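1. how would this look folded up:
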Amino acid sequence: MKNRFFQLSLVLLYLWFSLGSCISMDSQLNRSDEISSASWSDPDMGAGYQEPPLPKIREEGLNNQEINSMQVYRDNIRAIVNVTTVNLYQSRFAGSYSQEGSGSGVIVSDKGYILTNKHVIADADFVVVTLYDGTNYQARTIGSDAENDLAVIKFEPVGRTLQTIIAGSAKDLQVGQQVLALGNPFGLEGTLTLGVVSGINRPLQSKDGFLLKGMIQTDAAINPGNSGGALLNSRGELIGINTMIISPGGNGSVGIGFAIPVETALRVIPELIETGRVNRGWIEIEALSMTANLARQLSLPFIKPGILVTSVLPEGNAEQAGLKGGDQRRSVGLGLNSISVGGDIITRINGKEINNVLDYFSVLESSRPGDKYEIEYLRGGIMGLTTIVLYERPPQFQF
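-> Model prediction:
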């Protein structure tokens, strides 16, 4: 396999000298569609190019589990890519310089679509994918979804047939079930680690502050650079996208890694490819997390957690459903000058407890405009119930 770092250096040098003097701080470099014509060309493998066969497994002295792990690796490694991001900067003192990041990705279409984590490619000026054989391709971001930390990028395969990953299911996973993680930890390409499902249906907060639901916990070693890679079952089917680790006191794996279930990815991929975002439902309110501390600040009786509706949009779906916003301003010592109080406190949506704004966004994550949701709320200490038809989420709340 070619040396990835040598190849990447050549790519960056080409990019740097090709763009050189035309790059400025106000050039909007984060838009890959604007720079693709000025950057390097993808390698053309030529008509009729065939991927070379992988060597056969030598089974002598190996047990069945070892043979199966090796087979899963060989069947899927060509569908795993290294994702390298490049950010270009200019400084009055240091001049022009770049910073790199790296992660992994999974080829989901022979047209060159790759699934990865949003945090892997966030704010990148350039995205380069490296295939199993060391070939580099420029990629562009097609769409991203911060609420699930997923993104789709695309490169042009130009003459080569791509191997794609086979989707399985995470619905019936059991603790103790064997899993295999494929990715590029610390830039080390084509790495396989083995482990088991350590837990299921874990809620976890992403770096962007969203609640990731139904996460798969595994003790298969997942390290920086593994993000966006594949978590496979023993049949070699994709069951999750490796996303993050818990690593107290350092960056290395301590056996607590998490993956986004494949069902979540399958739900959002088509929409990311088609529109670049996920179109979710929305309730036209402004709200704050109603906590005991906030209640004290506002001298309000605290009955239970929820979200305090500070305002409803005139003629919006919340107003039509009978929800009420605040009608008086009160100062509060939480970094805000004042807020509107006296509005409803939403405690449940579709039967799910809403303890804070994070829960509110989470319960709407899988919704669609036009869905009907049942809202439970407190008004003057009395419980109320209404049904609301979700509207389309406005652009300022699409992440």
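
2. was I right about residue 348 contacting residue 378?
-> No. Counting by C-beta atoms under 8 Å, residue 348 stays clear of residue 378, with 10.3 Å between them. Glycine gets a C-beta too; all of them are placed from N, C-alpha and C.

3. give me the element the closest residue to residue 304 other than its chain neighbours is part of.
-> Using C-beta to C-beta, 6 or more residues apart in numbering and skipping residues adjacent in sequence, the residue nearest residue 304 is residue 347, 6.0 Å away. Per DSSP states H and E, residue 347 falls inside strand 345-349.

4. can you name the residues that contact the residue nearest to residue 205 when sequence neighbours are not counted?
-> In this structure, residue 205 finds its nearest non-sequential neighbour in residue 211, 5.8 Å apart by C-beta to C-beta, 6+ apart. Residues counted as contacts of residue 211 (C-beta atoms under 8 Å, 6 or more residues apart in numbering) are 203-205, 358-359, 361-362.

5. and if you look at residue 111?
-> Residue 111 touches 154, 157, counting by C-beta under 8 Å, 6+ apart.

6. three-state assignment of it?
-> coil (DSSP: H, G, I helix; E, B strand; the rest coil).

7. quick one: the residue nearest to residue 304 and residue 359 touch, right?
-> No. Using C-beta under 8 Å as the test, residue 347 is too far from residue 359 to be in contact (10.1 Å).

8. show me how far stretch 127-134 is from its chain's centre.
-> Remark: stretch 127-134 is offset 20 Å from the chain centroid, using C-alpha atoms, centre = their mean, to the nearest Å.

9. apologies, that question was intended for stretch 318-329.
-> 34 Å.

10. look up phi and psi at residue 269.
-> Residue 269 adopts backbone torsions of phi -60, psi -50, taken as degrees, to the nearest 10.

11. that one - how many residues pack around it?
-> 21 (other C-beta atoms under 10 Å).

12. so who does it touch?
-> 108, 113, 115, 150, 152.

13. 10 Å instead?
-> 108-109, 113, 115, 142-143, 145, 150, 152, 167, 278 (C-beta atoms under 10 Å, 6 or more residues apart in numbering).

14. picking up where we left off before, which neighbours do residue 347 and residue 359 have in common?
-> With C-beta under 10 Å, 6+ apart, residue 347 and residue 359 have common neighbours 305-307, 353.

15. now the strands for the stretch 201-350 of the chain?
-> 211-218, 230-233, 238-245, 257-261, 281-282, 285-290, 306-312, 328-332, 336-341, 345-349 (DSSP state E, counting those that start in this stretch).

16. using CSV, lay out these together with distance to residue 273.
-> Shown next, in CSV, are these (distance: least, C-beta to C-beta, whole Å):
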stretch, distance to residue 273
strand 211-218, 21
strand 230-233, 19
strand 238-245, 16
strand 257-261, 17
strand 281-282, 21
strand 285-290, 31
strand 306-312, 33
strand 328-332, 44
strand 336-341, 40
strand 345-349, 29
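
17. out of the ones you listed, flag the one nearest residue 87.
-> strand 238-245 (21.0 Å; C-beta to C-beta).

18. what angle do strand 211-218 and that closest one make with each other?
-> Using axes from the mean of the first three to the mean of the last three C-alpha atoms, to 10 degrees, the inter-axis angle of strand 238-245 relative to strand 211-218 is 100 degrees.

19. let the chain start at 32 from now.
-> In the new numbering, first residue 32, that becomes strand 269-276.

20. chain center to strand 269-276: distance?
-> 10 Å.

21. where does pLDDT dip in the protein?
-> Along the chain, segments meeting pLDDT under 70 span 32-72, 78-79, 279-284, 363-368, 427-430.

22. one more time with 80, if that's ok
-> Scanning the chain for pLDDT under 80 picks out 32-82, 85, 120-130, 218, 239-240, 277-286, 329-331, 361-369, 425-430.

23. let's check: the centremost residue of it is which one?
-> In the chain, the centroid-proximal residue (C-alpha atoms, centre = their mean) is residue 180; its distance is 1.5 Å.
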